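Q: For reference, the sequence and a predicted model appear below.
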Amino acid sequence: MKWLDRLAPWLLAASLSLAAVDVAIWLAGASPWHVAKLAAAGAAGSAYGIAQTLAKATPLALTGASVAFALRAGLFNVGAEGQVAMGVLAAALLGPKIPAGFPWPIGVLLVACGSAAAGALLGAFAGWLKAARGAHEVLTTLMLNGLVAVLATWLYGGPLRFGAQVHTAPVSRGARIPSIEHVLPSLRGSALSYAVVLAVVVPFAARWYLDRTRGGLRIRALGASPQATRALGHSVLRTTVRTMALSGALSGLVGVHYVLGFKGYAEDGLGAGVGFAGIAVAMLGAGRPIATIMAAVLFGALAQGGLAVNAVVPSDTLLLAQSIVLVSVGAVVARELRARSRECAQ
Amino acid sequence: MNSVLVFLAQCLTASAPLVLAALGGTLSERAGVATIALEGYLLVGAFSAAWGALATGSSLAACAVALISGAAMGALFALSTVTLRANAIVAGVAVNLFAGASTRVALKVLYDSASNSPPLLARAPRTGSIGVVSMLEALSQPVVYLALVAVLVVLVIVRHTPLGMRIEAAGEHPEALAARGVSVDRTRWTALVLGGALAGLGGAHLSLAQHEFVAYMSAGRGFLALAAVIVGGWRPARVAVAALAIGALYALEASLAGRPGVPTVLLQTLPFAATLIAVVGLVGRVRAPKALG
Amino acid sequence: MKANLAAVVQAQSDVICPHSFDQRFARVFVYPRPSRMPLALDRVHKRYGEAKVLDDVTLALVPGRIRALVGENGAGKSTLVKVACGLIAPDQGEVRYDRTTVTGWSASEATQRGVGVVHQHFTLVDTLSVADNVVLGREPRRGPLGLFVDRAAARARVAKLGKEFGLEIDPDRAAGDLAVGERQRVELLRVLDGGARCVLLDEPTAVLSPQEIRSLLDVLRSLARDGAALMFISHKLEEVFAIADDITVLRRGRIVLDAPTKELDRDAVARAVVGGDVPTVSATRTSERDETVALALTDVVCEGLRSVSLELRRGEVLGIAGVEGNGQRALFEAIAGTRPVASGRIALAGSDATRRSTLERRRAGLGYVPEDREQTGLCAALSIAENLALGATDVAEGDAVLSDEALRAKALAVIERYDVRPQDPAALVLTLSGGNAQKILVARELERSLSVLLLAQPTRGVDLGAAAAIRRRVLEARDKGLAVLLVSSELDELRTLSDRVAVMFNGRIVATMPVERATDEALGPLMIGAETSRDSNTSADNQEARS
C-alpha cells in the first residue's frame, strides 16, 4: 500500500492538470475530447509530429537540467531565460565566423563552447553577486533576464541585423548541424537536428558530475548545509560561482540547438520561454536524468500539440497545463518533504 | 517646459503600476511569502481591465475588474504556496506562466487576436501643447490617484492595524503567531489576496494608459516592482519611493528615446541595470522578513 | 474519569507512585477553585515513525501548584508540552479541560481556554514592540469598526500586568533589542495577558543567569499563589527542588516517577531520570603526557570573545566549563577559522595560524566537531559515505572523479568500528538517530591524521551507549597524542574526560585548574562570575590588571 500512498498525489496532480486544461478548452468553446485527439495526432501521430515534439523538447531538457543542477546547491536559477539568450547570442556571433570548409563537428564544438561560456558568464555573475554581495539569486537573475532580453532585441534589430532581414547573419556551413531530414526524408521541414543528442547526454552528464566528482560533492554539500561547507573549509564563494556557471553553461547550450541546428541564424524572441519552462521540467524531473528527459518530451508534446489544435482552440490552452503541473508537482514535492522530515523528527 | 511636463506625465504613467505592484508585493513579502508572482498579477490585471473597459466603457469599472481578478490571482498563489505548501518561487513561476498563457487564450477567444486587444476607451480629444496634453492624459487615469491612496492604505495597514501586526508576525516568526492562537495560513492568505488585488489594479494602468492590451505587456515590471520592495527594505513608504524611481527611469526612456545622440539601448536597459545595482548595493543594509521564503 | 486514571496507574507496573491517584486528586478539590481542574492528559500516546515519543502518559495540572517535568534530552518533554497546548495532536488518548474531553484540541482552543505556553525558543516578533508582542492575537481596538490597534490600551495592559506580577518592562522597546531575561518576561506577560490560568514553561531557565532565574522563580511562586496551575520543564534538580510542589519524571516517553516533592530526594529523581546508574568510561591514560604545545592562543579577541589565552599540549584534554553563551562557541569558531579574529594570535603546532583559512588549518591537523551537529557538523541530506568523504581536505578543490568503492569501503570500516546503525554507507544522515549521526561526525574528524580536535558537546542528545563509545574513541585518540579542547555543558563529562578544566565567563577564561580541583563547589561560582580566579594558570588576572 505504500506505493499507492506515494503514487496517489501524483495521480491527483495529473488529473487536476488534465481537468483544468479541459475546462479551459471547454470555456474556449471546443470539445476537450476532440482537441485531445487533434493534439495527440499533431504531437505523436506522424513521424513529422514526433520529430517536432523532440525538437521542442531539446531546449527544455537542457534548461531543465540546468535548473535542477543549481537546485542541488540550493540555488534557484530562474535566470535560465537570460542564459539561453546569451547562448543564442554567442552562437549567432560565432557561427558565421567559422570557415565554411571546416568539418562541422569541430565547428559546432567551437561554437558550443562559446554558447556554454556565454551562459556560464551570466550565471557566474549571479553566483558572484549571491556569494560575495549577498544579493538573492532569484532577484538578480530576473534582472539579468530583463537586461539581456532588452540587449538582444536591440542587437538583433540593429547592429547584428543581416541586411534587410530581421535576423542575424547566417551561420557558416562549417558550423551548421546537419538536419536529420537527410537520413529520414519524411522529416522534411522539421526543426529536429542532431542537437537532440545534447538533450539526451547533458542531463546524464550533469547528474554524473554531481554524483561522481569532488566538485559535484562540494555542490551537494553546499546545498545540504552552507554552514557545514564553511566549517569544512570549502569556499562557499567558489562553489556558488562554479554551480551557477555550470548551470548557466547548460542553459547556454540551448543556443546550439536553435542557431546551429534549427534556424541557422538568431532572431528576436528565439528561445523565449524555455528558461521558465525549464523550471517546470526540473521540478518534474527532480534531478533524475531520465525523468528530466521525459518531462521535456511531455512539455515538448504539449507545445507541439498546441500548435496542432490552434485552429480549434488557442495553442496556449495546452501550455496552461505547464503552470498547473508546476504547482501540483510543487505541492506534491512539498508534501513528500514534510512527510520525510516528520519521519526524521524523532 | 514642454519636455519637463512630458517627463513628469511619463513618470506618473510609468510609476503607477510599479508602485501598486510593489505595495502588493510589500504586503505579501511582509507575510513571509516571496512574490515573483507580481509579474503575473500585473499581466492579468492589465487584461481584465481591458476586458472591463471594453465591456462597460468605464475606466473605473475596468479598475474594479482588475482589482478583483488580481485578488483571484493572489488567491491562486496563496492556494499554491500557503495551503499546498509549494515553494514560493516555483509557485510564482507557475502563476506567471499561467498569466501569460491564460491572457493569450482569452485574447484569442474574446478578441480573436494573438497579440492585442481592440482599442479601449477612445482618447478624449485634447488641445494644447504636447506637454499639457500628455499631462492631462496622465491625470485622466484613475489608477494614478488610486496608487496614491494605496500608499496611504498600505501604510496604515502595516503600522496601525491588527492585520498589519499579524502579517508582520507571519513573516518574522510564524511560530510566534501560531503560539498566540492566530492562524498563520489565514493571515498569509489575507496578505496575498490583498497584495494580488493591489498589483492587479496596477496592471489595469498598463492597458488603460496604453488604450489597448498587448500580450506579455508587463515585460518584467513585476520583477522590477519586487526589486523595489527589496530596495525599499519592505517598508511601504520607501518601497513606493523606490518604485517611483524605477518609474522615472522608464519615463526617461520614453521621453528621451529617438532623440539624436541618445543611445536608445542604454535607456532601455536602464531600469534593469539601475535596479540590479541598487539591489546589490543595498543588500545587508535592509532587513528582510526573517521567515521570507 | 478518576476510576479510569487509577486503572492506568495499576496497569503501569514501573511507575513509582507513592500516592494513589485518588488521594492526589482529592487534594485538587480543596484548592482555590474547586470545580476547576484546568488541564489533564489521559493515556496519551504519540509516535514519530518507529519511535514512541509519548507512551501512555497520564498527567493532571492542579491550580495553585507547580509541577516540574524532568527528563533527559529526547525523553519526550517538549512533545508532552506541545500536546498539552494543542500544537500537536496525540495519536491516542485524550486532552481534558475542566474535566471534559476536548475534541479537536488546538492551539487556538487552548489559548482561549487559558492554557498559556512559554516555549523553549521564544515566540517574540523582534520587529514589534514589547506591547505589540504582548497583545498580538488579542489586540485592543479602536476607531470605526475597530479597525485600528489601540496602542494606549496595549501599553496600559502591559503596565498593569507588570505591576501585578513584578514583571515591569518598557512597553515601547523593540523586542529584538531585549536581553534574554527581559524577553522571557515579555513571554510571561504575553501568556498572562491571555488570561492563562494554566501555564506551561519549556526549559525556562536554560538561558538565564542565576539572578534572572531567581526572579523568574519568584514570579512563578506568585502566580501559583494567585491560583494558577503551573508546569515547568527543567533538568536542574536544584531549582526543581526549590520551587516545585510535584515532580514528574519522564523517561523514553513514559512517566517513571510522579510524586509530591516533599516525598522525594534528589538521588531518587536523578536515578529515575537516567534509569539506573550511568555507564562510566575510565579515563586512565595508557601513555605519558607530552609537553609539546599543540595549540596556543595569545590574547585572542573577536566577536563574543573578550581576550583569551590558552595552551593545549599533546595528549591532553582541556575541558571548558561555563554557562552556555559565554564565548565557548566564539572560541571554537575563532580557532576553526570560521569567525574573523580582531586581534591576538592563534598558533597550531608552534606556527602562526591566525591568518590561515579554515582549509589550511584543517590541513595542518585541526579537527572540529561543532555543537550544532545537524547544521554545521554534518550535511544531513547526504549519505554516510559522502559525509565521511567530505572530511578529507583534498575534496575541497578540483574536480577529480571520486571512487565509489573507496568511499564505500571507508564508510563500511567506520560503520564497523563505531558500530553505526544502519550499516549502510548509502543511508542519509538525516535518517540516523542523534547518537549514530554524532558517531559519523566524530569519526569523520578522528579518522584523519589530527593533532588538535575541537570537540563541542560531544554527547548532547546522544543515547548513553553511543555517548560512552564516543568518549572511549576520544580518549583512545588522546592516548595517541591528540590534543583535545572540549566544551560540554555536562560537568560530569568534563571531569571524566579532561586533564585540566578551564572556566569561561563573559568571553574570557576566568580560571584554569587541574581536574582534581574542578569540583561543583569550585566551578559553580566561577561559572556565574561570582568569583574571579585565584589560579596561577590563568591569564585572566593579568588581563584584569592590564585593563
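A: Happy to help now that I have it.
Q: can we go C-alpha only for contacts and neighbour counts from here?
A: OK.
Q: Where does the prediction get shaky in the stretch 251-400 of chain C?
A: Within the stretch 251-400 of chain C, the set of residues satisfying pLDDT under 70 comprises C:276-284, C:286-289.
Q: and it, which residues reach chain A?
A: In this structure, the stretch 251-400 of chain C approaches chain A at residues C:336, C:338, C:357-360, C:362, C:368, C:375-382, C:386, C:390-391, C:395-400, judged by Cα under 8 Å from any Cα of the partner chain.
Q: and these, which of them are in strands?
A: Judged by DSSP state E, those include C:Tyr368 as members of strands.
Q: Using ChimeraX, define a selection of the buried residues within the residues of the stretch 251-400 of chain C next to chain A.
A: Buried residues among these (16 or more other Cα atoms under 10 Å in any protein chain shown), as a ChimeraX selection:
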select /C:336,338,357,358,359,360,362,368,375,376,377,378,379,380,381,382,386,390,391,395,396
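Q: what ranges do the helices span in the stretch 151-300 of chain C?
A: Listed from the start of the chain, the stretch 151-300 of chain C has helices (DSSP state H, counting those that start in this stretch) covering C:151-165, C:180-193, C:210-225, C:237-243, C:266-274.
Q: interface residues of the stretch 51-200 of chain A facing chain B?
A: When proximity is defined by Cα under 8 Å from any Cα, the stretch 51-200 of chain A lies next to chain B at A:129, A:133-135, A:139-140, A:142-144, A:146-147, A:150-151, A:154.
Q: wait, which of these is closest to C:Ser215?
A: Proximity of those to C:Ser215 was ranked by Cα to Cα; the top entry is A:Gly134 with 42.0 Å.
Q: Could you give the number of residues near that closest one?
A: A:Gly134 has 16 neighbours, counted by other Cα atoms under 10 Å in any protein chain shown.
Q: Looking at the stretch 1-150 of chain A, what residue ends up closest to chain C?
A: Per Cα to the nearest Cα, the residue of the stretch 1-150 of chain A with the smallest distance to chain C is A:Arg72, at 10.6 Å.
Q: And for that residue, the neighbour number?
A: Summarising burial for A:Arg72: neighbours were counted as other Cα under 10 Å, giving 21.
Q: low-confidence ranges in chain A?
A: Residue ranges of chain A with pLDDT under 70: A:1-3, A:6, A:341-346.
Q: Spell out which residues of the stretch 101-250 of chain A are next to chain C.
A: Of all the residues in the stretch 101-250 of chain A, those lying near chain C are A:212-218, A:220-221, A:224-235, going by Cα under 8 Å from any Cα.
Q: picking up where we left off before, backbone dihedrals for the residue of the stretch 1-150 of chain A closest to chain C, please?
A: phi -70, psi -20 (degrees, to the nearest 10).
Q: what does C:Ala380 give?
A: phi -60, psi -30.
Q: That one reaches C:Val429, doesn't it?
A: Yes: contact status for C:Ala380 versus C:Val429: in contact at 4.8 Å, counting by Cα atoms under 8 Å.
Q: so what's the closest residue to chain C within the stretch 1-150 of chain B up against?
A: Sorted by distance to chain C under Cα to the nearest Cα, the residues of the stretch 1-150 of chain B start with B:Arg30, at 11.4 Å. Residues in contact with B:Arg30, defined by Cα atoms under 8 Å, 6 or more residues apart in numbering or on different chains, are B:Ile167, B:Glu168, B:Ala170, B:Gly171, B:Glu172, B:Trp234, B:Pro289, B:Leu292.
Q: ranges for the helices of the stretch 51-200 of chain A?
A: In the stretch 51-200 of chain A, helices defined by DSSP H, counting those that start in this stretch lie at A:80-94, A:104-133, A:137-157, A:196-212, listed in chain order.
Q: So which of those helices has the densest surroundings on average?
A: Looking across the helices of the stretch 51-200 of chain A with neighbours counted as mean count of other Cα atoms under 10 Å in any protein chain shown, the highest average goes to helix A:80-94: a mean of 31.
Q: Could you export the helices of the stretch 151-300 of chain C as JSON lines, including mean neighbour count?
A: As requested, the helices of the stretch 151-300 of chain C are exported to JSON lines (neighbours: other Cα atoms under 10 Å in any protein chain shown):
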{"stretch": "helix C:151-165", "mean neighbour count": "17"}
{"stretch": "helix C:180-193", "mean neighbour count": "23"}
{"stretch": "helix C:210-225", "mean neighbour count": "17"}
{"stretch": "helix C:237-243", "mean neighbour count": "15"}
{"stretch": "helix C:266-274", "mean neighbour count": "16"}
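Q: weakest of those by average pLDDT?
A: When the helices of the stretch 151-300 of chain C are compared on mean pLDDT, helix C:266-274 scores lowest, with a mean of 79.
Q: any idea of the pLDDT on B:Val65?
A: With respect to pLDDT, B:Val65 scores 97.
Q: Show me what the strand or helix carrying it is packed against.
A: Counting by DSSP states H and E, the secondary-structure element that holds B:Val65 is helix B:59-78. Helix B:59-78 is packed against helix B:38-56, helix B:88-111, helix B:142-160, helix B:184-210, with contacts defined by 3 or more Cα pairs under 8 Å, 6 or more residues apart in numbering or on different chains; DSSP states H and E.
Q: And the last one, what does it pack against?
A: In other words, helix B:184-210. If you count contacts as 3+ Cα pairs under 8 Å, 6+ apart, helix B:184-210 packs onto helix B:2-30, helix B:38-56, helix B:59-78, helix B:142-160, helix B:162-172, helix B:174-179.
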